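only geometry, no sequence info:
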């Protein structure tokens, strides 16, 4: 799995999930339950991951959707 980005923005994660779903790319959101474990604190970012084979296509789709500035290095 390749990390595309880290964020606390649930709306952004939902948007990314919708964009990549339309292109047939599945995502995995890691650490989404950590805030509950840590007392519902919002300072722990969630990581958006895709399969390594889909990373280039996912980055291209998100860049085309205007989200290039949100993507992490890699």
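Received it, and whenever you're ready, just let me know what you need. Source: prediction; values computed, not measured.

And the contacts of the longest helix along the chain?
Determined from DSSP state H, the single longest helix within the chain is helix 10-22. The set of residues external to helix 10-22 that reach it, using Cβ atoms under 8 Å, 6 or more residues apart in numbering, is 4-5, 7, 26-27, 29, 46, 48, 50, 58, 61-62, 65, 67, 70. To be clear about C-beta, it is placed using only N, CA and C from the backbone, and glycine gets the same treatment.

Just the buried positions in the next helix or strand after that helix, please.
Using DSSP states H and E, the helix or strand that follows helix 10-22 in sequence is strand 27-30. Buried residues in strand 27-30, counting neighbours by 16 or more other Cβ atoms under 10 Å, are found at 27, 29.

Please report how far residue 47 lies from residue 23.
20 Å (Cβ to Cβ, to the nearest Å).

more crowded one of the two?
Neighbour totals were compared for residue 47 and residue 23, and residue 47 leads with 18 against 14 (other Cβ atoms under 10 Å).

Can you report phi and psi for the more buried one?
phi -110, psi 130 (degrees, to the nearest 10).

My read is that it contacts residue 29, right?
Yes - between residue 47 and residue 29 there is a contact under Cβ atoms under 8 Å: 7.2 Å.

Show me the residue sitting in the middle of this protein in space.
Of all residues in the chain, the one closest to the mean position by Cα atoms, centre = their mean is residue 48, 2.7 Å from it.
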